[in-house]
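Undergrad: attaching a predicted model along with its sequence, questions to come.
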Amino acid sequence: MAETHPLLSLAYLHTEFPATSHTFISREVEGLTKLGVEIKHLSLHAPKASEVSAEDAHFKNQIFYVFPLKLLMFIKAHWEFLWRMPGKYFYWMYYVVSRRGTKFRDRIRSLYHFAEAIYLAKEIEQQKIQHVHAHFFQGNATIGIILSKLIGITYSVTGHGTALLVDRILIKEKLEHAKFVISISQYNKNFMLSVLPECAAKVFVVHCGLNPNRFPPAPVRKNQVFTLLAIGRMVWEKAYQYLVETCRILRDEGIEFRCLVVGEGEERGKIEALIDRYDLWQHIELLGMVLQERIQEYYNQADAFILTSVSEGLPVVLMEAMSKELPIVASNITGIPELVEEGISGYLVPARQPQAYADAVKKLISNPEQRVAMGKKGREKVLAEFDIEKNIRQLYDIYQAQLKEISVA
């Protein structure tokens with residue numbers, strides 16, 4: 001690999017940073033920083049102080065936040081760019097709200113992103129930032145287009161799961177105008193190429209990863225009752241209703257088990273109502289949000305990990321569970337088969353099929369030796385392909401190659 005040194009004035013653009021559900025971003029930043037990359041941070045929103053883990057606390061004073069908005073600075077930034085470059089100002093505002101096939105609400109969202117981009121442009125010029133990298137294909141990438149065209153910087157974007165596959169606003173334009181694109185899975189890259197085949201040369205697959213040493217195999221489990229673990233935000237993508245249905249089936253078939261659920265979100269009320277309806281509180285425990293410094297204790301309690309999502313990228317929680325040598329039961333969707341190998345490190349079942357999830361769990365319950373073997377195979381997979389140090393070096397080399405000409409200029 002080329003000798004490490006600061007590449008150029010590079011900034012990461014976040015929706016919310018640091019975020020408990022996006023530890024893969026802060027770990028990526030940490031790894032690149034160790035290789036000599038100096039990264040500045042721009043974020044639309046700040047997290048609640050109670051939602052920042054100890055490992056991310058050092059980012060607190062390194063981030064420029066758009067919100068809460070400083071209204072006078074916001075107005076001044078818009079007035080200045082309107083005065084300096086009225087043609088570009090109005091053209092790119094019109095561009096992001098006028099793409100064919102865009103829904104009305106998405107046109108309004110794009111107008112908001114334009115307003116945020118102008119405010120950020122002033123800060124980017126002051127910090128002399130030359131390149132912005134956005135995680136997710138939602139508003140951040142729209143902002144990237146505007147910044148690149150308005151003030152002459154370049155931008156790139158990492159394509160994750162739901163934001164890429166479901167929220168497809170301006171996706172073709174985002175691919176077209178990006179300097180380069182990082183895809184967290186081959187599945188996502190294939191999807192991008194189906195949208196814009198000619199972007200193939202600038203889309204690179206780099207898996208998310210983790211430090212396996214931070215997630216060592218758990219001590220020997222001696223649970224009296226088989227324990228399932230699920231971790232993830234309570235949002236529609238995670239489809240916890242299918243987990244509850246799975247637990248109902250297991251209970252009705254006389255299976256002894258408990259299910260620990262870590263996560264918080266807008267779907268919690270709906271999930272609680274479903275648990276009430278089936279009278280499953282003796283089997284399901286909703287633990288709410290748990291910060292990284294405490295998450296290990298729940299991995300250590302579990303006999304298996306379950307994920308019933310209907311939309312995903314490449315879930316880091318599966319990597320964590322596999323690193324902890326937990327066998328997996330997961331939906332057979334998107335990039336998950338690139339991580340979990342059917343019958344080797346776990347079971348992949350059709351999404352939205354509670355009976356299929358329950359049948360897979362029963363196989364694990366009835367065969368403790370298989371659980372151990374699958375857990376070991378899962379950790380081997382993480383060590384081979386999802387070690388963050390290896391993946392960060394791959395990402396660094398891409399940055400080095402793609403941004404070198406900008407740095408020299």
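TA: Alright, I've got the coordinates. Numbering: from 1, shown residues only.

Undergrad: residues contacting residue 275?
TA: 244, 281, 284, 286 (C-beta atoms under 8 Å, 6 or more residues apart in numbering). C-beta: built from backbone N, CA, C; applies to glycine.

Undergrad: which of those residues count as buried?
TA: Buried by 16 or more other C-beta atoms under 10 Å: 244, 284, 286, out of the contacts of residue 275.

Undergrad: quick revisit: so of the contacts of residue 275, which ones are in helices?
TA: residue 244 (DSSP state H).

Undergrad: tally of neighbours for residue 365?
TA: 17 (other C-beta atoms under 10 Å).

Undergrad: same deal with residue 14?
TA: Considering only other C-beta under 10 Å, residue 14 is surrounded by 26 other residues.

Undergrad: what's the helix or strand for it?
TA: Assigned by DSSP states H and E, residue 14 belongs to strand 10-16.

Undergrad: so what are the sheet partners of that strand and their directions?
TA: Strand 10-16 sits in its sheet next to strand 39-45 (parallel), strand 131-135 (parallel), going by DSSP bridges.

Undergrad: give the next helix or strand downstream of the helix or strand of the chain with the lowest mean pLDDT.
TA: Every helix and strand of the chain was ranked by mean pLDDT, DSSP states H and E. The lowest is helix 162-165, at a mean of 74. Counting by DSSP H and E, the next helix or strand C-terminal to helix 162-165 is helix 171-177.

Undergrad: what mean pLDDT does that next one get?
TA: For helix 171-177, the mean per-residue pLDDT is 94.

Undergrad: who's in contact with that helix?
TA: Taking C-beta under 8 Å, 6+ apart as the rule, helix 171-177 contacts 99, 137, 141-142, 144-145, 148-149, 155, 157, 164, 181, 192, 195-196, 199, 203.

Undergrad: among the residues you listed, which lie within strands?
TA: 155, 157, 181, 203 (DSSP state E).

Undergrad: most neighbours among those residues, which one is it?
TA: residue 157 (28 neighbours).

Undergrad: and of the buried ones among the contacts of residue 275, the nearest to residue 170?
TA: residue 244 (36.0 Å; C-beta to C-beta).

Undergrad: got the contact list for the closest one?
TA: 271, 274, 275, 278, 280, 284.

Undergrad: please apply the same query to residue 167.
TA: The contact partners of residue 167, taken as C-beta under 8 Å, 6+ apart, are 137, 138.

Undergrad: against residue 133, how distant is it?
TA: 19 Å (C-beta to C-beta, to the nearest Å).

Undergrad: mind checking which of the contacts of helix 171-177 are in helices?
TA: Per DSSP H, the contacts of helix 171-177 map to helices at 141, 142, 144, 145, 148, 149, 164, 192, 195.

Undergrad: who wins on neighbours among the residues you listed?
TA: For these, neighbours tallied by other C-beta under 10 Å; top is residue 141, 30 neighbours.

Undergrad: and that one, what pLDDT?
TA: 93.

Undergrad: repeat that for residue 3.
TA: 45.

Undergrad: buried stuff in stretch 253-261?
TA: Neighbour-count burial for stretch 253-261 [16+ other C-beta under 10 Å]: 255, 257, 258, 259, 260, 261.

Undergrad: mind checking the pLDDT average for the lengthiest helix in the chain?
TA: The helix spanning the most residues in the chain, taking DSSP H as the definition, is helix 104-126. For helix 104-126, mean pLDDT is 95.

Undergrad: got it, and stretch 37-52?
TA: The model assigns stretch 37-52 a mean pLDDT of 89.

Undergrad: what do you get for stretch 335-354?
TA: 97.

Undergrad: do the same with stretch 285-302
TA: Stretch 285-302 comes out at a mean pLDDT of 93.
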